[in-house]
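Attaching a predicted model along with its sequence, questions to come.
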Protein chains: 2
Amino acid sequence: MASEIGKKMHEVSTPAVVVDLDIVERNLAHMAAYCRAHGLALRPHTKTHKTIEAAQMQLASGAIGLTVAKVGEAEVMAASGAREILVAHPIVGDEKLRRLAVLTSKVRIIIAVDSLRAAEGLSQIALECNTHFDVLVEFDSGSKRCGVVAGEPTAQLGEAVAALKGIRLCGLFTYFGSVWGDEGERVLEMERAREDVAATLAAFRAKGLSTEIVSAGSTPAAEMTHWIDGITEIRPGTYIYNDLNTTYQGLCSLNHCAVRVVTTVISTAVPGQVIVDAGSKTLSSDLCSAGPKSGYGKLMECEATLKKLNEEHGYVTAEDLSAFEVGQVYTVIPNHVCTCINMHDEVLLARHGEIVGTWKVAARGKVC
Amino acid sequence: MASEIGKKMHEVSTPAVVVDLDIVERNLAHMAAYCRAHGLALRPHTKTHKTIEAAQMQLASGAIGLTVAKVGEAEVMAASGAREILVAHPIVGDEKLRRLAVLTSKVRIIIAVDSLRAAEGLSQIALECNTHFDVLVEFDSGSKRCGVVAGEPTAQLGEAVAALKGIRLCGLFTYFGSVWGDEGERVLEMERAREDVAATLAAFRAKGLSTEIVSAGSTPAAEMTHWIDGITEIRPGTYIYNDLNTTYQGLCSLNHCAVRVVTTVISTAVPGQVIVDAGSKTLSSDLCSAGPKSGYGKLMECEATLKKLNEEHGYVTAEDLSAFEVGQVYTVIPNHVCTCINMHDEVLLARHGEIVGTWKVAARGKVC
């Protein structure tokens, strides 16, 4: 796609993902300033961009390290120059743990666990590979996904983990996934989560367990983190690019959405709709979980709805379709930018609407 | 993933996609036999597997050529040895058309259009590149996606297309996407579509336009194609692997589903559910569009529902969760195998439950 450099955004071969670097820089500076103002460390989740160059921009703007979900992502991100990588996902399976052990010679690996079984796996492989893993115990603060019940049960697992060889217990981990919705909803949930954090910190400290790191996640909760005592760092991901989910929660405006999917009208043959060349293979099938929740992304140049996707087809409807013609180019802000980026091997970079470069999505599709 | 060879399916690093080659061979032989019995040509859609080796198996079992959606897929599939590739998607945009023109020196390129604008683009680039494109005119037989209104309107576009330089009009194209559901629903819709096909063929012939190729698509309609006079070939895609959508429509049994996603239990910490390491980044977010429509795939080793996916997490619920433990391995038949395969750079191959090789998903993510 090097041949796209110098073109205007609306001139590129479609469908394509275009990242506006000015908006990325604004978004990174904004979150870094929040963290500085409140004495929080920033360990951004790279799942959103999956790109070494974007990770390096995050590190350059003050991030202390990176967060990943998978070992394969950690392997890619080790090339970013980060000194610390947090694996925010329970890694179960010897092959993956051996690969993680290899990484410990290059970069500090920190990993979250919520079961003794996962911690024992880490311990066994650390000993086998003559290394150690830094470990956080994950507790559930409301997201109901992973994480031990907050308070005493988390501290009990912490005690058991601390006793394992090859492991250094460094603190606590939680994901504020339930902090979602408009500001009122988020405030209420954050206040509830505060009790889980306080109870867990108290139980951990009562047993003399380390709280060197108390890591909390999610973009929607990020800028409320200073309300909760004891959290040392945040792991927002989406904030670098933003999307309709973050916009409709009031976390940013459409002007802060850095990613546009450029798409061409390819058919107007069936009455009552228009077909564009961005389907689920380009945008992902994820619906919007906030705001009007209608459609598969926001068309920016017209009042219309992207009401349905097949793999290669987007179905556009509007009150008046008479202005649509085959060959016209539109841009779409995706519902969920993380799943959109994961569909693509490469993204185009723009400044002031002109293509200035490309990034390889090097950690794309690293499922293991 | 070469290190996985020789392992049992339940021993591989997870999540992973495993393709059972015995089932693939059975599925290919079954569709090839149907086509032979009814004098239909078979031009399978490669969107399901996106893999050169699978395309070569289709060609070896009697396919006359291949079908793709995108130019990037055609570029990959040109290496399969196919003599003909049908691009079943309107290609609008000069850069993509120039790449398609390059391919015409290696392989017969046939392309479907449903607008004069798209045909004019083909004509212009064919002349610029001193080549020609074989073109089919797409009509709508009920799927309401692309395609000119059946009958006279399609013939009018055919006449206009035939008059363009650099283009050879070779016939008609339709997609039986509305033939979906249980057998009764599919029979009714196929009978309705028959009228659209007949009207369009009559109008095309009345103008003396070529009907050398009359190409019809979709796996659910495939084995009803002989009911409709005048169709010369079919383009099924999903039949090579099958999935819950084809199973629940009665097109095959679970034993004919060639793809299993292997996944590990990674958390049982939150009461009332179990988390596995296959989320939407592994299975895709596509819901099932047939049958019970519950969940994001069928867990084969237990009675449980994969009720929700995040990118890296699958949420499993069951009446009795007491048997689930961190570290256990399960296999999942996906809802929609095409979108699942598109998430992966590589698949593992199995015979009798043992890993015997890998395929690169070489046409994965070719959005342009």
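Received the coordinates, thanks. Source: prediction; values computed, not measured. Numbering: from 1, shown residues only, chains lettered A, B, ... in the order given.

list the helices and strands the helix or strand in which A:G158 is found packs on?
Element membership for A:G158, per DSSP states H and E: helix A:152-162. Judged by 3 or more Cβ pairs under 8 Å, 6 or more residues apart in numbering or on different chains; DSSP states H and E, the packing partners of helix A:152-162 are helix A:116-128, strand A:133-140, strand A:167-175, helix A:183-206. Quick note: C-beta positions are derived from backbone N, CA and C, even for glycine.

Chain B: which of these is closest?
helix A:116-128 (4.1 Å; Cβ to the nearest Cβ).

Does at least one residue of the closest one sit close to chain B?
Yes: judged by Cβ under 8 Å from any Cβ of the partner chain, helix A:116-128 comes into contact with chain B at A:117-118, A:121.

want to throw those into a markdown table with pLDDT and neighbour count?
Listed next are these as a markdown table, based on pLDDT from 0 to 100; neighbours: other Cβ atoms under 10 Å in any protein chain shown:
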| residue | pLDDT | neighbour count |
| --- | --- | --- |
| A:R117 | 98 | 18 |
| A:A118 | 98 | 26 |
| A:G121 | 98 | 21 |
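
I'd like to know which of the residues you listed is nearest to B:E195.
A:A118 (60.1 Å; Cβ to Cβ).

so which helix or strand takes in the residue nearest to the closest one when sequence neighbours are not counted?
Nearest residue to A:A118 in three dimensions, chain neighbours excluded: A:P90, at 4.7 Å (Cβ to Cβ, 6 or more residues apart in numbering or on different chains). Under the criterion DSSP H and E, no helix or strand holds A:P90.

mind listing what A:P90 touches?
A:112-115, A:118, A:138, A:146, B:266-267, B:326 (Cβ atoms under 8 Å, 6 or more residues apart in numbering or on different chains).

Mind checking which of the residues you listed land in strands?
Counting by DSSP state E, those place A:112-113, A:138, B:266-267 in strands.

pretty sure A:H256 contacts A:E25?
No: counting by Cβ atoms under 8 Å, A:H256 does not reach A:E25; the two are 11.3 Å apart.

More neighbours: which of these two?
Each of A:H256 and A:E25 has its neighbours counted (other Cβ atoms under 10 Å in any protein chain shown); A:H256 has more, 18 against 15.

and that one, how far is that from B:A37?
The span separating A:H256 from B:A37 equals 60 Å under the rule Cβ to Cβ, to the nearest Å.

swap in A:H89?
In terms of Cβ to Cβ, A:H89 sits 50 Å off from B:A37.

neighbour-wise, which of these two wins?
When A:H89 and B:A37 are compared for neighbours, A:H89 comes out ahead with 26 against 10, by other Cβ under 10 Å.

who's in contact with that one?
A:69-70, A:112, A:146, B:266, B:277, B:312.

now the residues you listed as JSON lines including distance to B:S285 and pLDDT?
Converted to JSON lines, the contacts of A:H89 look like this (distance: Cβ to Cβ, whole Å; pLDDT from 0 to 100):
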{"residue": "A:A69", "distance to B:S285": "16", "pLDDT": "98"}
{"residue": "A:K70", "distance to B:S285": "18", "pLDDT": "98"}
{"residue": "A:A112", "distance to B:S285": "24", "pLDDT": "98"}
{"residue": "A:C146", "distance to B:S285": "20", "pLDDT": "98"}
{"residue": "B:I266", "distance to B:S285": "19", "pLDDT": "98"}
{"residue": "B:D277", "distance to B:S285": "16", "pLDDT": "98"}
{"residue": "B:E312", "distance to B:S285": "13", "pLDDT": "98"}
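
Closest one of these to A:R83?
Nearest to A:R83 among the contacts of A:H89: A:A112, at 18.3 Å, using Cβ to Cβ.

What residues does the closest one make contact with?
A:A112 makes contact with A:86-90, A:135-138, A:146, A:173, A:215, according to Cβ under 8 Å, 6+ apart.

how much space is there between it and A:L136?
A:A112 is 5 Å from A:L136, by Cβ to Cβ.

what does A:D243 give?
Relative to A:L136, and taking Cβ to Cβ, A:D243 is found at 28 Å.

Could you do A:E25 as well?
As judged by Cβ to Cβ, A:E25 and A:L136 stand 30 Å apart.

ditto for A:R186
Distance of A:R186 to A:L136, given as Cβ to Cβ: 24 Å.

Over to A:S3?
Taken as Cβ to Cβ, the span from A:S3 to A:L136 is 45 Å.

So between these two, which is more surrounded?
A:L136 (27 against 10).

How about that one, nearest residue that isn't a chain neighbour?
A:L136 sits nearest to A:F173 (Cβ to Cβ, 6+ apart), 3.9 Å away.

what touches both of A:A112 and A:L136?
Joint contacts of A:A112 and A:L136 (Cβ under 8 Å, 6+ apart) are A:86, A:173, A:215.

How about the contacts made by the second one?
With contacts defined as Cβ under 8 Å, 6+ apart, the neighbours of A:F173 are A:88, A:112, A:136-139, A:147, A:213-215.

and with 7 Å instead?
Residues near A:F173 by Cβ atoms under 7 Å, 6 or more residues apart in numbering or on different chains: A:112, A:136-138, A:215.

could you dump these to a markdown table with distance to B:E53?
Listed next are those as a markdown table, based on distance: Cβ to Cβ, whole Å:
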| residue | distance to B:E53 |
| --- | --- |
| A:A112 | 39 |
| A:L136 | 43 |
| A:V137 | 45 |
| A:E138 | 41 |
| A:S215 | 44 |
